[in-house]
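J.: Have a look at this fold, sequence not included:
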């Protein structure tokens, strides 16, 4: 399912990017962005495993919220000088793609909520 795979790809990109952030951020911003980005695909998977469409939709909403959290953390990292503008733009392009996929699936599920 593409709506799961693209967030997993985003995990790889965020982990690779955040490896170069300062060590003092290990338990701060680095940890926060990594937890949030992992949460996206984890919630998509968990929602898919639920039997009720409404439960799936709720997990997609949580994944969507985590996506916004990732975007915020990346923007903060850029403002702190941990991330170059070009790298931020590439990552935000990926988050936009993930957002469209999640939003599209949410839109398709809403008429079928039980």
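T.: Arrived safely. Keep in mind that this is a model prediction, so the values were computed, not measured.

J.: Give me the below-cutoff pLDDT ranges for this protein.
T.: Along the chain, no part satisfies pLDDT under 70.

J.: how about a cut-off of 90?
T.: In the predicted model, the chain carries pLDDT under 90 at residues 1, 112-114.

J.: could you pull out the helices for it?
T.: For the chain, applying DSSP state H gives helices covering 2-18, 29-48, 53-79, 85-109.

J.: Pull the distance from the longest one to the chain's centre.
T.: The one in question is helix 53-79. Going by C-alpha atoms, centre = their mean, to the nearest Å, the spacing between the C-alpha centre of helix 53-79 and its chain's C-alpha centre is 5 Å.

J.: Okay, angle between that helix and helix 85-109 too, please.
T.: With axes from the mean of the first three to the mean of the last three C-alpha atoms, to 10 degrees as the basis, helix 53-79 and helix 85-109 are set at 170 degrees to each other.

J.: The shortest one too?
T.: Between the axes of helix 2-18 and helix 85-109, defined by the same axes, to 10 degrees, the angle is 160 degrees.

J.: Name the residues of helix 2-18 that are buried.
T.: Residues of helix 2-18 classed as buried: 3, 4, 6, 7, 8, 10, 11, 14, 17, 18 (neighbour count, 16 or more other C-beta atoms under 10 Å). (Each C-beta comes from the backbone N, C-alpha and C, glycine too.)
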